[in-house]
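S.K.: Generate coordinates for the sequence data below:
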Amino acid sequence: MAIEAILSGYEIVALIANSEDVDVDAVVRAMPERTLYVFFTGCAKVLTRPFDRDAVLCHRLVADGTRFLKSQKYFDRAYSLFSQPLKAEIGVLADRGVPEGAPRVTTARRSTLVPYSLDFDHAFGSLYPVGRMPTTGFAVALWLVEKVPHANVALCGFTGTAGLQFNMYSEHDWTFEQIMLQLLAKKGRIRRFEERLCEPAGALARICSRFPEFDEATIALVAANVLASRLTGTERQVARLWARTKLERKIRGFFKRFKR
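M.R.: The predicted structure follows:
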């Protein structure tokens, strides 16, 4: 059975990010009974006990689909967190963005490691910023919008903001991803579980009101470019700081366990 056929049997497809902002129990309470939950290899970050609803597990593939990005321990932990058989396992191929005009992936790549393969590069070509790499969740979300347009996709925990516990890797362009997801949400092609992420930017609306010579499209484009530049620099600095304090955080976590 094709993955599209599996998805068509559900009212909603809920993508669960490996994010500190996601509350799986709250998501399940809010979703209808016929919901398919899509998790990712590192789902142990957000699942504290075995999950008993219909679920799909997605894995990042590298080296043209010949091996998994994550090691076996992540798979063992993930499998232990599902109390019933998975509806499917999907391998996701998404390399770094290439310049416009670079040779395209002419045929969707497949992998023998998983029953289903999803090739973001084949579907979207040079869409992603050059030199950066799509997150697996973003790749799956856009692939669903493109290839399964009838699917009612809900993003859960896709905030694109750093927390205190989980790493946010600077190799991903979080700003670009949030812009794309917000555009799709605005057009109704996907929905966001966290409604606060859909609130309008009041300050930018006031610019348009005060300076009518700047239309909304111009303001949005300039704002996106400015924010992307600033956030890219910030992400790199945060990533360096996070790496340098890794030992201190491990020591603190070790001693904190003895205080409980």
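S.K.: and stretch 30-43, which residues are buried?
M.R.: Burial within stretch 30-43, assessed by neighbour count using 16 or more other CB atoms under 10 Å, is assigned to 31, 35, 36, 37, 38, 39, 40, 41, 42, 43. For every residue, glycine as well, the C-beta is placed using N, CA and C.
S.K.: swap in stretch 147-162?
M.R.: The neighbour-count check on stretch 147-162 (16+ other CB under 10 Å) flags 148, 151, 152, 153, 154, 155, 156, 157, 158, 159, 160, 162 as buried.
S.K.: Okay, residue 39 and residue 58: tell me how far apart.
M.R.: Computed as CB to CB, to the nearest Å, the residue 39 to residue 58 distance reads 7 Å.
S.K.: do residue 252 as well
M.R.: To residue 58, residue 252 is 32 Å away according to CB to CB.
S.K.: Have a look at the two and say which one is more surrounded.
M.R.: Regarding residue 252 and residue 58, a neighbour count based on other CB atoms under 10 Å identifies residue 58 as having more, with 23 against 10.
S.K.: and that one, what element?
M.R.: Under the criterion of DSSP states H and E, residue 58 resides in strand 55-62.
S.K.: Skip ahead from that strand and say which helix or strand is next.
M.R.: Taking DSSP H and E as the definition, the helix or strand right after strand 55-62 is strand 67-68.
S.K.: Which elements pack onto the helix or strand following that following strand?
M.R.: Going down the chain from strand 67-68, the next helix or strand is helix 72-79, by DSSP H and E. Packed against helix 72-79, as judged by 3 or more CB pairs under 8 Å, 6 or more residues apart in numbering; DSSP states H and E, are no other helices or strands.
S.K.: buried ones in helix 72-79?
M.R.: When neighbours are counted by 16+ other CB under 10 Å, the buried residues of helix 72-79 are found to be 74, 77, 78.
S.K.: do stretch 128-143 as well
M.R.: Using 16+ other CB under 10 Å as the test for burial, stretch 128-143 gives 128-129, 132-143.
S.K.: State the distance from residue 229 to residue 176.
M.R.: Plainly put, residue 229 is 12 Å away from residue 176 if you go by CB to CB.
S.K.: Then residue 72?
M.R.: Between residue 72 and residue 176 the distance is 32 Å, computed by CB to CB.
S.K.: got the CA positions of the helix or strand hosting residue 137 in PDB?
M.R.: In this structure, residue 137 sits in helix 136-147 according to DSSP H and E. Output in PDB follows, covering the C-alpha atoms of helix 136-147 (Å, rounded to 0.1, in the frame of the first residue of the first chain):
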ATOM      1  CA  THR A 136      13.100  16.200   8.900                       C
ATOM      2  CA  GLY A 137       9.800  17.600  10.200                       C
ATOM      3  CA  PHE A 138       9.800  20.500   7.700                       C
ATOM      4  CA  ALA A 139      10.700  18.100   4.900                       C
ATOM      5  CA  VAL A 140       7.800  15.800   5.800                       C
ATOM      6  CA  ALA A 141       5.400  18.700   6.200                       C
ATOM      7  CA  LEU A 142       6.100  20.200   2.700                       C
ATOM      8  CA  TRP A 143       6.100  16.800   1.100                       C
ATOM      9  CA  LEU A 144       2.600  16.100   2.500                       C
ATOM     10  CA  VAL A 145       1.400  19.500   1.200                       C
ATOM     11  CA  GLU A 146       2.800  18.800  -2.200                       C
ATOM     12  CA  LYS A 147       2.100  15.100  -2.700                       C
END
